[in-house]
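Undergrad: Turn this into a structure:
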Amino acid sequence: MQAFDDWKADRLAALTAPDGWLNLTDRVEIAPGNRYAVGRGAENGLQISAGPEHLGILTLAPGGQASLTTAEGQELPFGPVPGAPPRLSVGNLILEIHTAEGQPALRVRRIDHPRRLRDPGLRYFPPAPHWVIPARWQPLSVPQQARIDMVGGRSETVSLTHQAVFDHDGQRVTLLPTHWKAGAPMFVIRDLTAGGETYPAARFLIGEDVTEDSITLDFNKAHTPPCGFTEFAVCPLPPRENVLPFRIEAGELRPD
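TA: You can find the predicted model right below:
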């Protein structure tokens with residue numbers, strides 16, 4: 001299990017990275033099988049708020065493959081990135097084809113965005129060793145398909161295969177991991193600190209030290225989702241089982 005100070009350093013590095021969450025400028029829905037003139041100028045069919053007046057022509061094939069033809073006539077394909085949407089770097093921009101529930105969108109990051117270059121001011125509850133929970137890791141008898149609501153009113157379908165079970169103040173707590181990140185189960189949770197000390201919608205928690213029948217839930221590493229930093233992210237909300245009727249005074253506080 002990663003030490004808390006090392007985890008905080010990695011968290012800051014990921015947030016402020018060129019593909020972190022502080023430099024998004026746009027997310028514009030697009031349709032497969034179409035070509036779009038892209039750029040900052042108002043004459044573009046797909047107007048974005050960063051980069052040159054005319055960046056190029058974006059083509060999204062019916063199968064989802066995307067490319068950008070620059071003003072100089074160079075065709076640049078969007079390439080696969082492990083754990084991330086197809087991506088293309090051009091000038092000071094990173095372009096991504098981000099798909100949520102079957103709907104693709106062009107997502108734009110400005111590498112030299114001033115916000116990325118500032119300290120994001122991450123703050124945390126004091127370390128709480130009692131919130132490092134050894135939980136039981138139980139497979140569901142039958143995998144389930146579940147609809148998960150998203151910030152902004154969209155929803156998505158996820159596959160549920162396991163649950164984490166532990167006891168807190170005499171109560172049985174069952175958490176469902178609705179997503180997976182780098183091969184590890186991710187829990188979207190909300191507790192009674194939400195809206196006060198912590199981000200109102202939810203926090204994310206990545207399970208650690210997963211074995212066949214056990215998992216560690218270190219709530220000191222519960223953190224704000226991307227939607228806490230940008231309006232251009234699409235974030236899941238917690239399922240009913242993960243809305244907790246008690247306070248978890250551990251982990252990341254609400255962003256400044």
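
Undergrad: Show me which positions of stretch 125-140 end up buried.
TA: 125, 128, 131, 132, 133, 135, 137 (16 or more other C-beta atoms under 10 Å). (Each C-beta comes from the backbone N, C-alpha and C, glycine too.)

Undergrad: Start and end of that stretch, how far apart?
TA: 33 Å (C-alpha to C-alpha, to the nearest Å).

Undergrad: so which of the buried residues of stretch 125-140 comes closest to residue 200?
TA: Residue 200 lies nearest to residue 125 out of these, by C-beta to C-beta, at 16.5 Å.

Undergrad: give the contact list for that closest one.
TA: 197, 220, 249, 250, 251, 253 (C-beta atoms under 8 Å, 6 or more residues apart in numbering).

Undergrad: Show only the entries of those residues found in strands.
TA: Assignment to strands by DSSP state E places none of those there.

Undergrad: could I get the residues you listed as TSV with pLDDT?
TA: Below are the contacts of residue 125 laid out as TSV (pLDDT from 0 to 100):
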residue	pLDDT
197	97
220	97
249	98
250	98
251	98
253	98
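
Undergrad: And the furthest pair within those residues?
TA: 197 and 220 (14.0 Å).

Undergrad: And the two? Which one has more around it.
TA: Neighbour count, other C-beta atoms under 10 Å: between residue 197 and residue 220, residue 220 has more, with 22 against 17.

Undergrad: With residue 218 as the reference, measure out to the spatially closest residue to that one that is not a sequence neighbour.
TA: With sequence-adjacent residues excluded and distances taken as C-beta to C-beta, 6 or more residues apart in numbering, residue 220 is closest to residue 250, at 4.8 Å. Separation of residue 250 from residue 218 (C-beta to C-beta, to the nearest Å) stands at 8 Å.

Undergrad: which residues sit against the longest strand that the chain contains?
TA: Longest strand in the chain, counting residues (DSSP E): strand 132-149. Residues outside strand 132-149 that contact it (C-beta under 8 Å, 6+ apart) are 1, 155-166, 168, 175-176, 178, 188, 207, 210-220, 236-237, 239.
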